[in-house]
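1. any chance you could fold what I've pasted below:
(chains A and B)
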Amino acid sequence: MQPKKKTLRPIVTGSSVLGIKYKDGVILASDTLGSYGSLARFRDIRRIVPITKHTVIGGTGEFSDFQEITKILRQKIIENQELVESGKEEDELLPSEIHSYLSRVLYGRRNKFNPLWNDVVVAGFEKGKVHMGTVDLWGSYFEDDIIATGYGTYFALPLMRKAYKKDMERDKALEVLRDCLTVLFYRDCRTINRYVFAEITKEGVNITEPVEIETKWEIADWQEGKL
Amino acid sequence: MSGIGTGYDLYPTTFSPDGRIFQVEYAHKAVENSSTAIGLCCKDGVVFGIEKIILSKMLVEGTNRRVFSVGEHIGIATAGLTADGRRIVQNARQEAKNYENFTSDIIPIHVLTERLSIYVQVFTLYNYIRPFGCSLMIGSYDEEKGPSLYCIEPDSVALGFYGCAIGKGKQEAKTEISKLKLSEMTCKDAVKEIAKILMKTVHDETKEKEMELEMSWICKETKGKHKLVPKKLIEEAVEWVKGQENEED
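-> Presented below is the predicted three-dimensional model:
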């Protein structure tokens, strides 16, 4: 009898990815942890990666499947370059096209009962505007101005919805993201305090080195003189 | 009609009494009928230049491409039957993709050249498929190894070159190329020199129609990626060539 060769359950997983649009573009954020169940195993992975000069993707869920998605998309970019042959940068695949393609790939895999176990955020700049959305392991395609995957959907999204204003300033957008990341670090057991931000504007993509955000762990009730 | 090879030239599966395979030699003739393509290995990269005869004023500029990308880091320029060239490039792209899937590394140019060589050779073995009627120049640039240029002919022989020309005017072009100091030349200078060779030495303005220059490069400036030479640079090179001509007069 043949062994099962399909995805049964995710093994090394990434937690939330957050995304918020602002005046000049969009910022994505995630932590750099790959969890092995409850073990904080890989503490410096990149769950937000650039695909083209104007597009990034961020992944929640099985990290090896996210690596596979990165490979599939990068290969598609080269294939498109070869076929189009115009040599013009404008003919590079757009973020919305990459997003659509990825949703078809994931939907195809789900139909074969062998999913790529991810919730992927696709964000980029095209035709002077931001494009941002998600695709999940079932192939559901979704676009919005504020995005959160994983536990972020439950903890961060309500906070982002309250704080979000169309065409907000960059600093305000970063403040919202940092606030949500802090909340996630407090509440989501599968996170670490080490974050990467990816900013996309009409100039291109800029992904920061990992940073730490200050958190407070003193419980007021237990401090001297408080009770 | 009786020519040199009569009787022994119907199939690639027949040797002539003096040990030649005429079908393959006829394939070379197809290459020699096409307009010239030049490839140069410079100090900081590889530059391709192709003399494209404009067959009709109705054709859009840049159409009928004869230089192709394989992956991001390798360029292939063709002379001969363009459709045959495209077929080999298609195979090259598949090879590059498979190599990358297998090794997670981009295909080195000498590996790709060998694979294409083997592929081209297969078509010289059977009587039901004809040899490819095109020559290819394959070029790449690597930070460590520097520039590389190979040329594959219809008989599948692949040789490494510092400078190479294929097509109608290859003899004149090769003479001019041998006069150049390639190891000291930058790619930007090579663009000008290639334009000069193609426009002045190879292209006969009285006999043939107008020509268009198609040029591409893989160099330090493009960070090892195969790109078309920017239109502005080609225009500057054409101006420079015309200026040189006025000086000589």
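
2. CA atoms for contacts and neighbours, from now on please.
-> Fine.

3. show me what the lowest-mean-pLDDT helix or strand in chain A is packed against.
-> Scoring the helices and strands of chain A by mean pLDDT, DSSP states H and E places helix A:63-84 at the bottom, with a mean of 92. Applying 3 or more CA pairs under 8 Å, 6 or more residues apart in numbering or on different chains; DSSP states H and E, we find helix A:63-84 packed against strand A:12-14, strand A:48-52, strand A:118-126, strand B:67-70.

4. which elements pack onto the first helix or strand past that helix going along the chain?
-> Next along the chain after helix A:63-84, taking DSSP states H and E as the criterion, comes helix A:95-111. Using 3+ CA pairs under 8 Å, 6+ apart as the contact test, the elements touching helix A:95-111 are strand A:118-126, strand A:129-135.

5. and A:Leu181, which of these is closest to it?
-> Smallest distance to A:Leu181 across the helices and strands packed on helix A:95-111 (CA to CA): 16.3 Å, for strand A:118-126.

6. could you check the angle strand A:129-135 makes with the closest one?
-> 170 degrees (axes from the mean of the first three to the mean of the last three CA atoms, to 10 degrees).

7. for strand A:118-126, name the packing helices and strands.
-> Partner elements for strand A:118-126 (3+ CA pairs under 8 Å, 6+ apart): strand A:25-31, strand A:55-62, helix A:63-84, helix A:95-111, strand A:129-135, strand A:195-201.

8. out of these, which is closest to B:Leu81?
-> With respect to B:Leu81, and counting by CA to CA, the nearest of the helices and strands packed on strand A:118-126 is helix A:63-84 at 19.0 Å.

9. outside of that closest one itself, list whatever touches it.
-> Applying CA atoms under 8 Å, 6 or more residues apart in numbering or on different chains, the external contacts of helix A:63-84 come out as A:12-14, A:34, A:47, A:49, A:51-52, A:59-60, A:87, A:91-93, A:98, A:102, A:116-118, B:68-72.

10. ok so, going back, let me have the helices and strands packed on strand A:118-126 in JSON lines, extended by mean neighbour count.
-> Below are the helices and strands packed on strand A:118-126 laid out as JSON lines (neighbours: other CA atoms under 10 Å in any protein chain shown):
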{"stretch": "strand A:25-31", "mean neighbour count": "27"}
{"stretch": "strand A:55-62", "mean neighbour count": "27"}
{"stretch": "helix A:63-84", "mean neighbour count": "17"}
{"stretch": "helix A:95-111", "mean neighbour count": "19"}
{"stretch": "strand A:129-135", "mean neighbour count": "23"}
{"stretch": "strand A:195-201", "mean neighbour count": "22"}
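
11. can you say which of these is nearest to B:Pro12?
-> Using CA to CA, those put helix A:63-84 closest to B:Pro12, at 32.3 Å.

12. and B:Leu136, bridged to which residues?
-> B:Thr78, B:Ile152 (DSSP bridges).

13. that one and B:Glu153 touch, don't they?
-> Yes - B:Leu136 is within contact range of B:Glu153, at 6.6 Å (criterion: CA atoms under 8 Å).

14. who's more crowded, those two?
-> Set side by side, B:Leu136 and B:Glu153 show more neighbours around B:Leu136, with 29 against 23, by other CA atoms under 10 Å in any protein chain shown.
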